[in-house]
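Participant: Build the 3D model from these lines:
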Amino acid sequence: MQILQKQRRILSILLITILCFGLLASLSVPAQAAEILPESLYMEQSRGGICTMTSAAMLLRSALYLNGSSHWSEIGESEAANACWLWGQGIMFQWSFETDYASIQVERTELYGITADELKAVLDEHPEGIEFYCGGVPHAVFLTDYEGDTFYCADPAPYNSCRRIPLADSWNAYRLGGGQDSVLRNATAYWAVTEMAVTADMDEIPLDAVRAEAVMTQAKQLLRAENAWITDTLLPLDA
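Facilitator: As a prediction, this is how the structure comes out:
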């Protein structure tokens, strides 16, 4: 009997390890990532006609911050413009931000409207957020995350800037009417990070902390659930 219990405990430890690695590989953390972004990360465009530039700057700031680079606060419109902007034409479809502490590649995806489920899938792949554009307005926002079926953004437009707000309160929604659904129906493009290498110099990498906390929470919920499937004798996770 004791031998059987020891075998079960060993099996439990192995399965817990496999479970945690599996959760780390598949975990979606857009909402949790957005919750730890400092409010000072969000920006207001300095003049008309550069909402795409300002949104690109916020995307860079978020990517750097969540990956542990203290240089995120150094990124403003001019730094984003050097990477993504063609004066007299606007934002490039593909662009790259290259410094001694980061290499970030960004690409545009064309849309003919997007469903809520499709947009959730995009944000699940991009916890740093995306630049989200409605060409008919025209206006871009930095889309940060979602909770349930509600999407959130940082809108560079002056009247509602420098904070995380529901997409339904954005300038796009105001101009289009119909709230969030209208914005999704009229979406024409988004820009997202496709490749990224960031040198971390902060004491804690926020995105790693979010992932680790989420993995442990899910593992605890599964292992401590009634009628847990791993074994009828569970080891405490802190043992």
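Participant: any idea how far the residue nearest to the spatial centre of the chain lies from residue 119?
Facilitator: Ranked by distance to the mean C-alpha position of the chain (C-alpha atoms, centre = their mean), the top residue is residue 127 at 2.0 Å. The gap separating residue 127 from residue 119 is 14 Å, by C-beta to C-beta, to the nearest Å. Using the backbone N, CA and C atoms, a C-beta is placed for each residue, glycine as well.
Participant: any idea how far the residue lying closest to the residue nearest to the centre of the chain once chain neighbours are set aside lies from residue 189?
Facilitator: Among residues not flanking residue 127 along the chain, residue 33 sits closest, at 3.9 Å (C-beta to C-beta, 6 or more residues apart in numbering). Using C-beta to C-beta, residue 33 is found at 22 Å from residue 189.
Participant: And for residue 112?
Facilitator: 10 Å.
Participant: more crowded one of the two?
Facilitator: For residue 112 and residue 189, the more surrounded residue by other C-beta atoms under 10 Å is residue 189, and the numbers stand at 20 against 9.
Participant: Give me the distance between that one and residue 130.
Facilitator: The gap separating residue 189 from residue 130 is 10 Å, by C-beta to C-beta.
Participant: What does the pLDDT read for residue 13?
Facilitator: Among the per-residue scores, residue 13 shows a pLDDT of 50.
Participant: in the helix or strand that contains residue 119, what's buried?
Facilitator: Assessed by DSSP states H and E, residue 119 sits inside helix 116-125. Within helix 116-125, the residues scored as buried using 16 or more other C-beta atoms under 10 Å are 119-120, 122-124.
Participant: quick one, strands of the protein?
Facilitator: 85-86, 90-91, 94-98, 102-110, 130-134, 139-147, 150-154, 165-166, 189-198 (DSSP state E).
Participant: which residues are in contact with the fourth one?
Facilitator: Meaning strand 102-110. Under the contact criterion C-beta atoms under 8 Å, 6 or more residues apart in numbering, strand 102-110 has outside partners 56, 59-60, 63-64, 69, 71, 84, 93-98, 188-199.
Participant: From the residues you listed, keep the buried residues only.
Facilitator: For the contacts of strand 102-110, buried by 16+ other C-beta under 10 Å: 56, 59-60, 63-64, 69, 71, 84, 95, 97, 188-193, 198.
Participant: Tell me where the model's unsure across the protein.
Facilitator: 1-28, 213-239 (pLDDT under 70).
Participant: How is it divided into domains?
Facilitator: 1-30+203-239, 36-200 (automatic domain parsing).
Participant: Give me whichever of those is most buried.
Facilitator: Among the domains of the chain, ranked by average contacts under mean count of other C-beta atoms under 10 Å, first place goes to domain 36-200 (a mean of 19).
Participant: From the chain's centroid, how far away is that one?
Facilitator: 10 Å (C-alpha atoms, centre = their mean, to the nearest Å).
Participant: circling back to that earlier point, how close does the residue nearest to the centre of the chain sit to residue 178?
Facilitator: 28 Å.
Participant: what are the ranges of the helices in the protein?
Facilitator: 2-26, 30-35, 51-66, 77-84, 116-125, 171-176, 179-185, 206-223 (DSSP state H).
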